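Engineer: turn this into a structure:
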Amino acid sequence: MLKQEKIILLIVSFFLIVEFFLSFDLPFFWDAVTKSSRADWIYSNNFSTLLVPTNLNSGHPPLWIASIALFWTIFGKAIWSARLLLLIVNIGVFYQLLVFARKNFQNSISLFLVFLVFIEPTLVAQTTNLNNDMLLLFFTLLGLNSLFSNGYWLYAIALTGLLLTNLRGIYCLLALAIIHIWFCRVQLLAYNKKMLRAYIIAIAIFIGFLFYQYSQLGWILISESNNYKKHREVAGILRIGKNAAAFIKNLLDFGRFAIWIPLLVMVFKFIKMKKFNNDAKSYRILIALAVFTCIFFVGFVPFSNPMGPRYFMICFILANFLFINLLCNFSLRILKRKIAVFIIIFFFVTGHLWIYPSTISQGWDGSLSYLNYFKQEEQMLQFLKEEQLETSRIGTNIPLNTKWLATLNLEDRAANNFQDFNIKTNEYILFSNIENRTENDDIHTLKNSWKTIKTFSQLGVFITLYKNPN
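Structural biologist: Presented below is the predicted three-dimensional model:
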């Protein structure tokens, strides 16, 4: 490892360790709460099986939840021990990003520009989130890096990890396979027959897992649970159109438009000028970006499962790397390049402050804005306690009844007994823009017709208690 790489890795590791201590007891959030519930089941059943019951099972393989349960077994069942696992994965991800930069930056580019990739908003947000997306990203980057070097054992580990972490790993494996073939066809990579072993090993292990799952649960891939089966359905034409718009929104969200818009212009010019013929590193990044983006579009848009920006982190990362390479290849003065980098940094940092109106769904775990929620929730729960308002009189779409799974505090399980949201029958309703389940008509009714009792807010994130006027 070069001196520059050691310095960068030490700096990043330092900040990740500081983040670990700052988020020591930060609860599981959003989809990560389901990971907590499944890890809790495995932990409580002493690893008797790694397959959680169908009513809890969304179909995703258990590598991440089993790892959390393992860390709870070793270090004690606490949020900090799960975050210790996340810290290790985070360091692994940023190391792989550093390796990717070394392999793909032009020789004239300072390796320190990799920090422009490191501050990508959703990547930063996911370093704080106890979901499985950082582990999936680690294996994806490991797969790309080992593919570049034709290292089939590491490639086999990467592909196997992808398939056992999340069902989206199937898309990632497919994308890597297409990239592999494309690289070999355009002579960006020497064909190595041994690399085929990696696919055979990974797919064989995954098929073995599926056989095991079927023998235990009677189904594979598409969960039989009513809570999750609807997310695997083929969408109608109207929904597909909305999904396509959401796909584009995710690419441009949280300041990323400052990368994607100029990047499209630069790519068009480079293709027109045939400059990619003399720039193999940028060419292979472009191929990887195009393949992952197309695979994700085809894999997500036609289906009913909601898309979050965290799904596309590898696309954001590849776009950033390609942008840096092409920017430094353009005949621009150093001052203009510095201004461009400054603009990107500005939009990436301020992207964490992007808050949409509550009638527009937002990928809350795609930026650090969600960190403003937890204090407001605690203040509201304290207010309800002081006012002696029983939670059974309050309807909400906020998952407060599963708060104990987010905090690992059993007292929260006994304290919260909120009712399901029903605008017609609830006496009180607790609403926050941190959830995307409440219908727009109901939001307008709450704001225009119901009485506001109490609101707590911070930097655009709010939680409000309403009372039925009738």
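Engineer: neighbours of residue 328, just the number please.
Structural biologist: Around residue 328 sit 16 other residues, with neighbours defined as other Cβ atoms under 10 Å. The C-beta positions use only the backbone N, C-alpha and C, and glycine is treated the same way.
Engineer: contact partners for it?
Structural biologist: Neighbouring residues of residue 328 by Cβ atoms under 8 Å, 6 or more residues apart in numbering: 106, 108-109, 337.
Engineer: what is the mean pLDDT for whichever strand or helix holds it?
Structural biologist: Of the helices and strands defined by DSSP states H and E, residue 328 is found in helix 313-329. Rounded to a whole number, the mean pLDDT of helix 313-329 is 93.
Engineer: restricting to C-alpha, output it in PDB.
Structural biologist: Output for helix 313-329, consisting of C-alpha atoms alone and laid out as PDB, is shown next (Å, rounded to 0.1, in the frame of the first residue of the first chain):
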ATOM      1  CA  MET A 313     -25.200   3.300  -4.200                       C
ATOM      2  CA  ILE A 314     -22.900   1.500  -6.600                       C
ATOM      3  CA  CYS A 315     -24.300   3.600  -9.500                       C
ATOM      4  CA  PHE A 316     -23.600   6.800  -7.500                       C
ATOM      5  CA  ILE A 317     -20.100   5.700  -6.700                       C
ATOM      6  CA  LEU A 318     -19.300   4.700 -10.300                       C
ATOM      7  CA  ALA A 319     -20.700   8.000 -11.600                       C
ATOM      8  CA  ASN A 320     -18.500  10.000  -9.200                       C
ATOM      9  CA  PHE A 321     -15.400   8.100 -10.300                       C
ATOM     10  CA  LEU A 322     -16.200   8.600 -13.900                       C
ATOM     11  CA  PHE A 323     -16.900  12.300 -13.400                       C
ATOM     12  CA  ILE A 324     -13.500  12.800 -11.700                       C
ATOM     13  CA  ASN A 325     -11.700  11.000 -14.500                       C
ATOM     14  CA  LEU A 326     -13.400  12.900 -17.300                       C
ATOM     15  CA  LEU A 327     -13.200  16.200 -15.600                       C
ATOM     16  CA  CYS A 328      -9.400  15.800 -15.400                       C
ATOM     17  CA  ASN A 329      -9.300  14.800 -19.000                       C
END
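Engineer: from residue 162, how far out is residue 381?
Structural biologist: Counting by Cβ to Cβ, to the nearest Å, the gap between residue 381 and residue 162 amounts to 39 Å.
Engineer: same drill for the two, tell me which one is more crowded.
Structural biologist: Here residue 381 and residue 162 are compared on neighbour count by other Cβ under 10 Å; more neighbours surround residue 162, at 28 against 18.
Engineer: surely the more buried one meets residue 172?
Structural biologist: Yes - contact status for residue 162 versus residue 172: in contact at 4.9 Å, counting by Cβ atoms under 8 Å.
Engineer: and for those two, which residues touch both?
Structural biologist: Shared between the contact lists of residue 162 and residue 172 (criterion: Cβ under 8 Å, 6+ apart) are residues 136, 139-140, 143.
Engineer: for residue 72, give me its contacts.
Structural biologist: Residues counted as contacts of residue 72 (Cβ under 8 Å, 6+ apart) are 39, 43, 78, 81-82.
Engineer: residue ranges for the strands of the protein, please.
Structural biologist: Along the chain, counting by DSSP state E, strands occupy 394-396, 419-420, 428-432, 451-458, 461-467.
Engineer: got any ranges where the stretch 201-350 of the chain has weak pLDDT?
Structural biologist: Across the stretch 201-350 of the chain, the ranges flagged by pLDDT under 70 are 224-232, 331.
Engineer: would you map the helices across it?
Structural biologist: With DSSP state H, counting those that start in this stretch applied, the stretch 201-350 of the chain shows helices at 226-229, 237-252, 257-272, 280-300, 313-329, 334-350, listed in chain order.
Engineer: got the contact list for residue 238?
Structural biologist: Listed by Cβ under 8 Å, 6+ apart, residue 238 has no contact partners.
Engineer: centroid residue for this protein?
Structural biologist: residue 310 (2.6 Å; Cα atoms, centre = their mean).
Engineer: chain neighbours aside, what residue packs nearest to that residue?
Structural biologist: residue 133 (4.6 Å; Cβ to Cβ, 6 or more residues apart in numbering).
Engineer: okay, buried residues for the lengthiest helix in the chain please.
Structural biologist: The helix of greatest length in the chain, counted in residues with DSSP state H as the criterion, is given as helix 79-104. Of the residues in helix 79-104, those scored as buried under the neighbour-count criterion (16 or more other Cβ atoms under 10 Å) are 79-102, 104.
Engineer: out of the shared contacts of residue 162 and residue 172, who's nearest residue 416?
Structural biologist: residue 136 (31.3 Å; Cβ to Cβ).
Engineer: and that closest one, how far is that from residue 166?
Structural biologist: Relative to residue 166, residue 136 is positioned 5 Å away (Cβ to Cβ).
Engineer: before we move on, what about residue 373?
Structural biologist: Applying Cβ to Cβ, the value for residue 373 to residue 166 is 25 Å.
Engineer: which residues does residue 364 contact?
Structural biologist: Residue 364 makes contacts with 29-30, 370, 373, 434, 436, as judged by Cβ under 8 Å, 6+ apart.
Engineer: let's have those in JSON lines, adding neighbour count, distance to residue 299 and pLDDT.
Structural biologist: Conversion of those to JSON lines gives the following (neighbours: other Cβ atoms under 10 Å; distance: Cβ to Cβ, whole Å; pLDDT from 0 to 100):
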{"residue": "29", "neighbour count": "22", "distance to residue 299": "25", "pLDDT": "90"}
{"residue": "30", "neighbour count": "20", "distance to residue 299": "21", "pLDDT": "84"}
{"residue": "370", "neighbour count": "20", "distance to residue 299": "26", "pLDDT": "92"}
{"residue": "373", "neighbour count": "23", "distance to residue 299": "30", "pLDDT": "93"}
{"residue": "434", "neighbour count": "23", "distance to residue 299": "27", "pLDDT": "90"}
{"residue": "436", "neighbour count": "14", "distance to residue 299": "21", "pLDDT": "85"}
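Engineer: will you turn those into CSV that also has distance to residue 470?
Structural biologist: Formatted as CSV, the entries for the contacts of residue 364 read as follows, by distance: Cβ to Cβ, whole Å:
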residue, distance to residue 470
29, 34
30, 33
370, 34
373, 30
434, 27
436, 27
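Engineer: restricted to helices, list those.
Structural biologist: Among those, the members that lie in helices (by DSSP H) are residue 373.
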